[in-house]
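[1] I would like to see how this sequence folds:
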Amino acid sequence: MAIIISGFATCGKSVLGRKYRNVIDLESSSYKHKILDTDLTVDQRKGTKREINDEWPQNYYDAIDEACKKYDVVLVQLKPEHFNYFDENNIKYSIAYPSLDNWSEVEKRCIERGNNEDFIIRLKQVFKPYYEDSLKRKYEKMYILNNTETLEDCLIKDNIKLIK
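    Okay, the predicted model is just below:
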């Protein structure tokens, strides 16, 4: 049975997905937006204006369901609307969130990975509200990342099997 972890931006989902073969990071933008020809990376596209895919969000939920059949750990975008879907469908999930006193580390990671200023501003606006919303949900476990800690550090501490 796969573990679904809904992680806030900069928790290290993408790194985990690239590093371990039993982990997938289902980065949502390729499901949410119609892909336009661009030289920008996924992180650089965040915060830019893009056209919404007509199949969103069901195409993302279908991809999550399929990934759970193939991977031990499925990492997904942290958004309240996804929690609604999980809760309404009795899907078990955990949450990964930076400590609320750790915004400077989140901002630093955004800059390092090439996010634009608009994305960082919007992320800061939802930083506390998304955390408060997360606390009200039916999650199994809440991983709080402190200082420079990543989701990988938390999973290793929690003895989650990660296969290189």
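[2] Give me the nearest residue to the most centrally placed residue in the chain, chain neighbours excluded.
    With distances taken as CA atoms, centre = their mean, Gln77 lies nearest the centre of the chain, 3.2 Å away. In this structure, Gln77 finds its nearest non-sequential neighbour in Ser28, 4.1 Å apart by CB to CB, 6 or more residues apart in numbering. The C-beta positions use only the backbone N, C-alpha and C, and glycine is treated the same way.
[3] what's the burial count for that neighbour?
    Close neighbours of Ser28, defined as other CB atoms under 10 Å, add up to 20.
[4] for it, what are its contacts?
    Tyr60, Val76, Gln77, Lys79 (CB atoms under 8 Å, 6 or more residues apart in numbering).
[5] coming back round to it: so the residue nearest to the centre of the chain sits against Ser6, correct?
    Yes: the pair Gln77 and Ser6 qualifies as a contact (CB atoms under 8 Å) at a distance of 7.0 Å.
[6] And the helices in the chain, which stretches?
    For the chain, the helices defined by DSSP state H cover 13-19, 29-32, 42-45, 58-70, 80-88, 103-112, 117-135, 151-157.
[7] mean pLDDT lowest for which of those helices?
    Across those, helix 42-45 has the smallest mean pLDDT, namely a mean of 56.
[8] Next one, pLDDT for Lys46 please.
    53.
[9] same question, Arg50
    We have a pLDDT of 68 for Arg50.
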